[in-house]
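Enquirer: Have a look at this prediction, sequence included:
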Amino acid sequence: MRRIGARHARPTMVLGRAVYDSQGRKLFDQGTSLTEDSLTTLAVYGVREVLIEDPRVADVPVQPLVAPEVEAEAVQALQQLLTEYAGDGSIAEPLVEQLRKPIYSMVRELFPEVIGEVNVAGCTSWEESRFVRPVKAAVLALLMGRRVGLGLVELGYLGLASALMDVGLMTPSQEAAPPGPPEASPGFRTHPQRSAAILGLSQRLGPNVVSIVLQHHERWDGSGFPKGLRGGDICLSARILAMADTYYELVSGTGGQRALPPHEAAEFIMAYSGELFDPQLVQLFARQVPLYPTGITVRLSTGEVGIVSDANLGHIGRPVVRILFDASLRPLQHPQDVDLAEKGQQGRLIVQVVDY
C-alpha cells in the first residue's frame, strides 16, 4: 500500500484500507474506487491521509498498531462523554465505562507482542482535536508505556488519562468562550487542575489517572505547569503523555501553527530532549515512531524517488526505500529495495516527502 495525503488522492485510486471520519464513522470501505464525489467527501470530513493500493508495493503491508475500528470506538466514546458532560460535578460512570472498554482493547492489542506502527496523521481542526487528538495521543502513549515495561493495569491508567486529560477544558466557562484553539483560552494553564478535580470525583478512575492528568503539562526542565515540576519529580506516565500529546499537537497544527509533517514533528521532539522531555524517553520515541512511515513516498538526495517499504524502526530516519524512479525520474523496470541504514548507503539521504 501507498500512504498519501488525502488532498493528493485522485479518481480511480483504490483504497487499501477503510477510511473513517473524525467521529469514528466509516466513510468508505477498503477496496473502494475513488470518484470526484468521494474526493469531495474526504475534504468535507477533514480526512488527512489515505492508504491506496499500488501494485509496485502490493507486498508491503501497512500494519496499524491499533485496529482502526478500536480507535474509532474510543473516539466515539470520548465524544459522547464530552458532549454529555455538563461541566459540573463528576462524569456519569456509564460514560467512563463506555470509554474504558476501547482503551483496554488498545492495551490488549499490545500483548503479547507489539506489531504495527502508530497512526501519524494529525487532526484537521481544533474542534476535532477535542476528541480525536486525545485518542491518538493515547495510542502513542500506550506504545511508549509498553516499551518501558508498564504492565496491563498501569497501561490502562495511562490510556484513560490520555483520553481524559483535557476534560477540564469543557467547564461551562470554557464552553462559553469564543471558538478557537483551546491553547488560546485564558484558562488553558489551569485546565490540568480542573481536569484532575473532575476526574477525582469518579469512583472508578482512581488516583493514578488523576496524577497523570494533573502533571501532563509539566516539563523535564521545570518550565511546565501547573507546579513547575522537573525531572524525576514528574511521574513516568505523565512524562510519556507530555511527549505523545505534543507530537499530535505538532502534526495537527493546533494553536494557530501550521501542521508539521511527521518527520518534522519527530525532529522537534528530539531537538528538545533534556529540556522539555525526558531524554531517555526521547531516545525510545526515536526508535519507535518512524520519521518516514511505511508506504510514504520520498525523494532522495540522489534524485531517486521511491516508497518506504519498511520504516526500519530503530534506525532513525533510515528506512528501507523501494526505488521506483531513477535520478532522471525515469521509471525503473525492476524496482529495488535499498536499506538506507546499511553501510555504503550514507550518500543517500531523504530530502523530501512526496504527495503528503
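Expert: Here it is on my side, so go on.
Enquirer: Lys101 touches Ala77, doesn't it?
Expert: Yes - here Lys101 reaches Ala77: they are 7.4 Å apart, a contact under Cβ atoms under 8 Å. Every residue, glycine included, has its C-beta placed from N, CA and C.
Enquirer: Those two - which one has more neighbours?
Expert: Ala77 (23 against 12; other Cβ atoms under 10 Å).
Enquirer: in the chain, which spans are strands?
Expert: Remark: strands assigned in the chain by DSSP state E are 2-5, 19-20, 26-28, 49-52, 297-300, 305-310, 320-325, 331-339, 350-354.
Enquirer: Show me where the stretch 101-250 of the chain dips below the pLDDT cut-off.
Expert: For the stretch 101-250 of the chain, the stretches with pLDDT under 70 are 170-187.
Enquirer: Repeat the analysis, applying 50 as the threshold.
Expert: Within the stretch 101-250 of the chain, the segments meeting pLDDT under 50 span 172-179.
Enquirer: That one: helices as residue ranges?
Expert: Under the criterion DSSP state H, counting those that start in this stretch, the stretch 101-250 of the chain contains helices at 126-129, 133-147, 152-164, 172-175, 191-200, 206-215, 236-252.
Enquirer: What is the first one packed up against?
Expert: I take that to be helix 126-129. Of the remaining helices and strands, none touches helix 126-129 by 3 or more Cβ pairs under 8 Å, 6 or more residues apart in numbering; DSSP states H and E.
Enquirer: let's go with 10 Å and repeat that
Expert: helix 236-252 (3 or more Cβ pairs under 10 Å, 6 or more residues apart in numbering; DSSP states H and E).
Enquirer: now swap in the third one and tell me
Expert: Helices and strands touching helix 152-164, as assessed by 3+ Cβ pairs under 10 Å, 6+ apart, comprise helix 68-84, helix 93-108, helix 133-147, helix 191-200, helix 206-215, helix 236-252.
Enquirer: Would you mind getting the angle between it and helix 236-252?
Expert: Angle, helix 152-164 to helix 236-252, by axes from the mean of the first three to the mean of the last three Cα atoms, to 10 degrees: 40 degrees.
Enquirer: CA atoms only: put helix 152-164 into CSV for me.
Expert: Output in CSV follows, covering the C-alpha atoms of helix 152-164 (Å, rounded to 0.1, in the frame of the first residue of the first chain):
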residue,chain,number,x,y,z
LEU,A,152,-1.6,-4.1,31.9
VAL,A,153,-3.0,-2.1,34.9
GLU,A,154,-0.6,0.8,34.6
LEU,A,155,-1.2,1.0,30.8
GLY,A,156,-4.9,1.1,31.5
TYR,A,157,-4.4,4.1,33.8
LEU,A,158,-2.2,5.8,31.1
GLY,A,159,-4.7,5.2,28.3
LEU,A,160,-7.6,6.6,30.3
ALA,A,161,-5.5,9.6,31.5
SER,A,162,-4.5,10.3,27.9
ALA,A,163,-8.1,10.3,26.7
LEU,A,164,-9.4,12.4,29.6
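Enquirer: quick one, what contacts the closest residue to Arg25 other than its chain neighbours?
Expert: Excluding the flanking residues, the one nearest Arg25 by Cβ to Cβ, 6 or more residues apart in numbering is Ala72, at 7.4 Å. Ala72 makes contact with 18, 20-26, 102, 135 under the criterion Cβ atoms under 10 Å, 6 or more residues apart in numbering.
Enquirer: Selecting buried members of those residues in ChimeraX, what would you type?
Expert: If you want just the buried ones from the contacts of Ala72 in ChimeraX, going by 16 or more other Cβ atoms under 10 Å, the selection is:
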select :18,20,21,22,24,102,135
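Enquirer: Out of the contacts of Ala72, the closest to Phe111 would be?
Expert: Phe111 lies nearest to Pro102 out of the contacts of Ala72, by Cβ to Cβ, at 15.9 Å.
Enquirer: Can you tell me how far that closest one is from Leu15?
Expert: 23 Å (Cβ to Cβ, to the nearest Å).
Enquirer: try Phe111
Expert: From Phe111 across to Leu15, the span is 30 Å (Cβ to Cβ).
Enquirer: Please apply the same query to Ser162.
Expert: In terms of Cβ to Cβ, Ser162 sits 28 Å off from Leu15.
Enquirer: hmm, back to that, would you mind saying which of the helices of the stretch 101-250 of the chain lies nearest Gln333?
Expert: Nearest of those to Gln333, taken as Cβ to Cβ: helix 236-252 at 36.3 Å.
Enquirer: packing partners for that closest one?
Expert: helix 126-129, helix 133-147, helix 152-164, helix 206-215, helix 262-271, helix 279-288.
Enquirer: Name all residues that make contact with Tyr161.
Expert: I think there's a mix-up here, since residue 161 is Ala and not Tyr. 103, 134, 137-138, 141, 195-196, 199, 205, 208-216, 235, 237-238, 240-241.
Enquirer: Taking the residues you listed, please make a PyMOL selection of just the buried ones.
Expert: The buried subset of those, as determined by 16+ other Cβ under 10 Å, is captured in PyMOL by this line:
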select buried, resi 103+134+137+138+141+195+196+199+205+208+209+210+211+212+213+214+215+216+235+237+238+240+241
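Enquirer: Report pLDDT for Arg258.
Expert: At Arg258, the model reports a pLDDT of 85.
Enquirer: before we move on, back to that, more crowded one of Ser162 and Leu15?
Expert: With neighbours defined as other Cβ under 10 Å, Ser162 and Leu15 compare such that Ser162 has more, 32 against 21.
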